[in-house]
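Asks: what follows is a predicted structure for the sequence shown.
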Amino acid sequence: MDEILSIQAEAQDKGSRLDKFLSEAVPDLSRSRIQKLLAEGRILRDGVVPKNSEKIQGGEQFVITLPPPEPLDVVAEDIPLSIFYEDEDLIVVDKPRGMVVHPAPGNYTGTLVNALLYHFEGQLSGINGVMRPGIVHRIDKDTAGLLVVCKTDRAHQGMADMLKTHDIERVYHAIVFGSPKDDEGTVDAPIGRDDQDRKKMAIRRDGRRAVTHYKVLERFGEFSYVEAQLETGRTHQIRVHMRSIGHPLLGDPLYGPSGLSGQAKAMLKGVSGTDFAGQMLVAKVLGFTHPVTGEWMHFEKELPDYFERVLTSLRR
């Protein structure tokens, strides 16, 4: 059965390109997906099919007709999952470092989706055009921590709406190079795809607004232990923002330095290289209003053993 979404453009949206506005208004739909729906005549503006290059006037009403999701051509795999919480509408998963969330070129097996299809067959939402069962938001492959997976479309849409309005509490812990000047601060800098390297994101004037609030928990001279809270959720946001203020994450292969100073090596002596083979970033706290019951949900995980070992070494 088709799903119908209704979106109202506001006065402040005037001048935005139509496909860009809709992809931001419905975070679950990518810009390319919006363009495909437009080409299929599945999006109406005040009852008329618009072009994706048209501008928002402000005040118009959009109706999007989503066809049933296509089956996902991904094999279910018996991969252990750490379930932090589960009810009939959603699951909170503690994703380990090294696990990709969704299959993509080079990672078609061993992902969180492969595991979810095995453990929750037929119980996951399929609100996307091509079924990405239950996935509302993602964390990077080498970031460990908490994320929500939805079982019902109602829960999925509710979580997507909260992501859009920044009403989900997402707190990360990280180890960064150097010592930030202030004990706490905010990075408000737009993020977009890096023109020079498509695997990377960068601060761009034409990027999407991105806001990260950070607080220094401990200082170790060469390194600092920080807490970062997301106001928005752009790809690689904390990694890009911390690098932009001169404090990239330890172990970050994309945004960190290519090597360690002698002092830094001495501080990490005795720590296995595999302990920081990947950015030192953990999605530690997750809080949100349950999209069905309305109850406030708050979850906090322990730091992984590898993270604790690095902290112990730095504290010596």
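Replies: Alright, I've got the coordinates. Numbering: from 1, shown residues only.

Asks: C-alpha from now on. contacts and neighbour counts both.
Replies: OK.

Asks: would you say Gln279 is within a strand?
Replies: No - under DSSP: H, G, I helix; E, B strand; the rest coil, Gln279 falls outside any strand and is assigned coil.

Asks: ok, now how distant is it from Lys55?
Replies: Between Gln279 and Lys55 the computed distance is 40 Å (CA to CA, to the nearest Å).

Asks: which one's more surrounded, those two?
Replies: Gln279 (26 against 17; other CA atoms under 10 Å).

Asks: quick one: the more buried one and Asp142 touch, right?
Replies: Yes - with contact defined as CA atoms under 8 Å, Gln279 counts as touching Asp142 (6.3 Å).

Asks: what about the nearest residue to Asp167 once chain neighbours are set aside, how many residues nearby?
Replies: Once flanking residues are discounted, Asp167 sits nearest to Phe288: 6.9 Å by CA to CA, 6 or more residues apart in numbering. Other residues near Phe288 come to 19 when the count uses other CA under 10 Å.

Asks: now the residue nearest the centre of the chain: phi and psi?
Replies: Taking CA atoms, centre = their mean as the criterion, Arg138 is the residue nearest the geometric centre of the chain, at 3.9 Å. The phi and psi torsions at Arg138 (degrees, to the nearest 10) take the values phi -130, psi 160.

Asks: outline the domain layout of this protein.
Replies: 3-66, 83-164, 169-288 (automatic domain parsing).

Asks: now mean pLDDT too, for those, in a markdown table please.
Replies: Output for the domains of the chain, formatted as a markdown table (pLDDT from 0 to 100):
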| stretch | mean pLDDT |
| --- | --- |
| domain 3-66 | 88 |
| domain 83-164 | 86 |
| domain 169-288 | 94 |
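
Asks: could you report the pLDDT at Pro71?
Replies: If you check Pro71, the pLDDT there is 58.

Asks: show me the strands in the stretch 1-150 of the chain, by range?
Replies: Secondary structure of the stretch 1-150 of the chain (DSSP state E, counting those that start in this stretch): strands at 3-8, 43-45, 61-66, 83-86, 90-95, 144-150.

Asks: pick the most deeply packed of the ones you listed.
Replies: Using mean count of other CA atoms under 10 Å, the stretch among these with the greatest mean number of neighbours is strand 144-150 (a mean of 25).

Asks: now the angle from it to strand 90-95?
Replies: 160 degrees (axes from the mean of the first three to the mean of the last three CA atoms, to 10 degrees).

Asks: what packs against strand 144-150?
Replies: strand 90-95, strand 281-289 (3 or more CA pairs under 8 Å, 6 or more residues apart in numbering; DSSP states H and E).

Asks: and these as TSV, adding distance to Arg204?
Replies: Shown next, in TSV, are these (distance: least, CA to CA, whole Å):
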stretch	distance to Arg204
strand 90-95	30
strand 281-289	23
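
Asks: to Pro103, which of the ones you listed lies closest?
Replies: Proximity to Pro103, assessed across those by CA to CA, is greatest for strand 90-95 (14.8 Å).

Asks: and that closest one, which strands flank it?
Replies: Strand 90-95 sits in its sheet next to strand 83-86 (antiparallel), strand 144-150 (antiparallel), going by DSSP bridges.

Asks: distance from the helix or strand just after the last one to the middle of the chain?
Replies: Meaning strand 144-150. Per DSSP states H and E, the first helix or strand lying C-terminal to strand 144-150 is helix 153-164. Put simply, helix 153-164 sits 14 Å off its chain's centre (CA atoms, centre = their mean, to the nearest Å).

Asks: can you spell out which helices and strands pack onto the helix or strand following helix 153-164?
Replies: The element immediately downstream of helix 153-164 (helix or strand, assigned by DSSP H and E) is strand 169-177. Under the contact criterion of 3+ CA pairs under 8 Å, 6+ apart, strand 169-177 touches strand 223-230, strand 281-289.

Asks: closest to Gly106 out of these?
Replies: Comparing the helices and strands packed on strand 169-177 under CA to CA, the one sitting nearest is strand 281-289, at 22.7 Å.

Asks: so what touches the closest one?
Replies: 139, 142-147, 167-175, 249, 295-303 (CA atoms under 8 Å, 6 or more residues apart in numbering).

Asks: go again using 6 Å as the cut-off
Replies: Here strand 281-289 makes contact (CA atoms under 6 Å, 6 or more residues apart in numbering) with 143-146, 168-174, 295-301.

Asks: check contacts around the residue lying closest to Pro180 once chain neighbours are set aside.
Replies: Leaving out its chain neighbours, the residue that sits closest to Pro180 by CA to CA, 6+ apart is His247, at 7.1 Å. Residues in contact with His247 (CA under 6 Å, 6+ apart) are 176-178.

Asks: surely Ser313 is in a helix?
Replies: Yes - under three-state DSSP, Ser313 sits within a helix.
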